[in-house]
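Colleague: what's the 3D shape of this:
(one chain, ligands or ions: 1)
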Amino acid sequence: MIKSTPGLAAALTLALCAPLVWADSNSAPHLERRGAATQLVVDGHPFLVLGGELANTASSSAEYMAPVWPRLARMNLNTVLVGVSWALTEPAEGRYDFTLVDQALASARQNRLHVILIWFGSWKNGISSFVPDWVKENQARFPRVRLRSGKSIEVLSTLSAVNRDADLRAYAAFMRHLRAVDGEQHTTLMIQLENEVGILGDARDRSPAAEAAFAGPVPDALMGYLARHGDHLRPALSQVWEAAGGKPAGTWQEVFGAETADKKTGLVTDEIFMAWNYARYMDQIAAAGKAVYPIPVFTNTWIIQPEDKGAGDYPSGGPEPHVLDIWRAGAPHIDINAPDIYLPNFAEWVARFNQNGNPLFVPESRGDAGGVANAFYAIGRHQGIGYSPFGIDNPGRLVALRPDAGEAGPGDVTAQPLPRGYALLRDMTPAILDAQARGAISAVALTAAGRQSEEIALGDFNIKVDLRRNLRNPSQVPPFGYALVVGLGPSEFVVAGFDVQVTFAPNTPGAPIAGLARVESGRYADGRWVPTRVLNGDDILLNYHLDEAAAANQSGSGLKFMGDAPTLQRVKLYRYR
Ligand code: DGJ
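Modeller: Below you'll find the predicted structure:
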């Protein structure tokens, strides 16, 4: 599923900043290992998703969407995440209606946008609310999850081949249609399969079929995967397995234990069982779709909330980080397990998901000024494929968090933080994608209430990013700030920053102090750096106490980022003693 391009890093170094042309320009959008990063490749070019997700049912009304599409283009998005409802796609069994998909593709094309289509099939936020009414009304044919209480809930059981095949047929028909209408143009980049799956209200399905499977052996396919990947399993899973004796085979409870093994992660045998069954169900659907039209497929995850006590408070069996090995084992046709992150500790969550070869794409998060920080961080720190705030059709969700930044008027959405941040990322995209592949990119996100300073290493320098300090009153810092740093060479960097200051220290033997040889502010145009001003004096002075600075091997100068939106600076460093 992930193609590899050997020797790419070297080629990219030569092609620095220049748009890349690829031979394989007719293939469907796909993920490709390019040097140090896994990237989305569209029409032969790597692609960075500057996205936004519509509210769940927005796409069911062309009238509602008519003004939204051009507005999203004006907001500098390049991709819109659009829901596709199984119920509206297959209103009667075997009769398909793709009018809404066609409308979305036509509108996207008119506005030079791409889409990622979300298949709201068997589950949406765990619940089977988007299944057709002929499925809802026939519980005998389409079995549901039963809770410990014996009650059933409006959640299709994963333990039913009838459920899976009904979803699979509709999904395969949808993908067949997509290939027919979009197989050449590639407006659609990826598919999100289902939405935030897992069982709410219990840790496990207790329907008769689920009870029988749970009493039976752990499938050989899963045991084989665990044995093969034993050294790399995430700690929570290997601890549970080891605590139950590290058995190579047995029933679910024999292999993973009979009770809650880890209160903190909520990882219990029930959750592992559900993760396997969701993964298998969805893998077969993903495989059927890929057999027809092989574009990348990802899942999204309702992540664990601080107040949750265990699986079932959050959807049990969803692709949470502590069961991602189970998902990898059960769903090889799913390319990415993605997080939906509305919690403030964004950095921790992206790190948990971007492990064991799981590329990072964030399909849902916030779209305000803090969301812009998230986007820069995901793309710079984790070679993110892209970012997408939820509810993008509602401009009210995008207002600035910063009290002093004010709110943009409803008529001028482009003045809001997200469109401004996306404009910078859009212009910088060739440099970002090139640096991701070269492993020459990083990012820092800081808050006054949390981490106010962080050091990263890139090229021959350690780069320290601090919240911007007031020269006269250094204890005064802004509420948050961020920086994305691209290494152009061992001592030359481009920094995209907001409300931070940046200093440098050599990390290789030799003269210990980094001086600023030249600093420019500027922008990217057509993939090339365009200087707009040569910065000096007050623009770069951080500390007049040169004795103190010299004692700390500092020059006293650095980069300063102020203003009400992220900006770019390019710096060339030299060394002295
Ligand atoms: C997460 C879901 O995945 C979305 O579809 C939507 O329901 C949002 N929550 C609402 O905040």
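
Colleague: around the ligand, pick out the residues from this protein.
Modeller: The chain has residues 56, 125, 195, 196, 340, 364, 390 near the ligand, with proximity defined as CB under 6 Å from any ligand atom. Every residue, glycine included, has its C-beta placed from N, CA and C.

Colleague: hmm, try it at 8 Å
Modeller: For the chain, the residues in contact with the ligand (CB under 8 Å from any ligand atom) are 53, 55-56, 83, 124-125, 195-196, 300, 302, 340, 342, 364, 390-391.

Colleague: and the furthest pair within those residues?
Modeller: Pairwise distances across these (CB to CB) peak at 18.1 Å, for the pair 83 and 342.

Colleague: quick one, strands of the stretch 301-450 of the chain?
Modeller: Secondary structure of the stretch 301-450 of the chain (DSSP state E, counting those that start in this stretch): strands located at 336-340, 361-362, 386-387, 441-447.

Colleague: same for the longest strand along the chain, what does it pack against?
Modeller: The residue-count maximum for a strand in the chain (DSSP state E) belongs to strand 513-525. Where contact means 3 or more CB pairs under 8 Å, 6 or more residues apart in numbering; DSSP states H and E, strand 513-525 is packed against helix 417-438, strand 500-506, strand 528-535, strand 567-576.

Colleague: outline the domain layout of this protein.
Modeller: 6-20+49-340, 435-576 (automatic domain parsing).

Colleague: quick one: average pLDDT of the longest one?
Modeller: Translated: domain 6-20+49-340. For domain 6-20+49-340, mean pLDDT is 93.

Colleague: need the helices and strands packed on strand 513-525 in a markdown table with mean neighbour count, mean pLDDT and distance to residue 233, can you?
Modeller: Putting the helices and strands packed on strand 513-525 into a markdown table (neighbours: other CB atoms under 10 Å; pLDDT from 0 to 100; distance: least, CB to CB, whole Å) gives the following:
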| stretch | mean neighbour count | mean pLDDT | distance to residue 233 |
| --- | --- | --- | --- |
| helix 417-438 | 23 | 98 | 27 |
| strand 500-506 | 23 | 98 | 37 |
| strand 528-535 | 14 | 98 | 44 |
| strand 567-576 | 19 | 98 | 41 |
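
Colleague: put together TSV for these, with distance to residue 446 on each row.
Modeller: Compiled in TSV, these are given as follows (distance: least, CB to CB, whole Å):
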stretch	distance to residue 446
helix 417-438	16
strand 500-506	7
strand 528-535	22
strand 567-576	16
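
Colleague: which of the strands of the stretch 301-450 of the chain sits most buried?
Modeller: strand 361-362 (a mean of 29; mean count of other CB atoms under 10 Å).

Colleague: need the contact list for whatever residue of the chain ends up closest to the ligand.
Modeller: Proximity of the chain to the ligand (CB to the nearest ligand atom) peaks at residue 196, 4.5 Å away. Applying CB atoms under 8 Å, 6 or more residues apart in numbering to residue 196 gives the contacts 123, 124, 125, 126, 300, 301, 302, 315, 318, 340.

Colleague: what about the residue lying closest to the second one once chain neighbours are set aside, how many neighbours?
Modeller: On the basis of CB to CB, 6 or more residues apart in numbering, the spatially nearest residue to residue 124 that is not a chain neighbour turns out to be residue 195, at 4.4 Å. Close neighbours of residue 195, defined as other CB atoms under 10 Å, add up to 25.

Colleague: then residue 351?
Modeller: As a burial measure, residue 351 scores 14 neighbours (other CB under 10 Å).

Colleague: excluding chain neighbours, give the residue nearest to it in space.
Modeller: In space, and not counting its chain neighbours, residue 351 is closest to residue 382: 7.4 Å by CB to CB, 6+ apart.

Colleague: so the one you found sits against residue 360, correct?
Modeller: Yes - between residue 382 and residue 360 a contact is recorded at 4.3 Å, counting by CB atoms under 8 Å.

Colleague: which residues do the two both contact?
Modeller: Counting by CB under 8 Å, 6+ apart, the residues touching both residue 382 and residue 360 are 350, 354.

Colleague: related to what we said a few turns ago, and the gap between the residue nearest to residue 124 and residue 210?
Modeller: 21 Å (CB to CB, to the nearest Å).

Colleague: would you mark the buried spots in the longest helix along the chain?
Modeller: Ranked by residue count and defined by DSSP state H, the top helix of the chain is helix 269-292. Of the residues in helix 269-292, 269-290, 292 count as buried by neighbour count, 16 or more other CB atoms under 10 Å.
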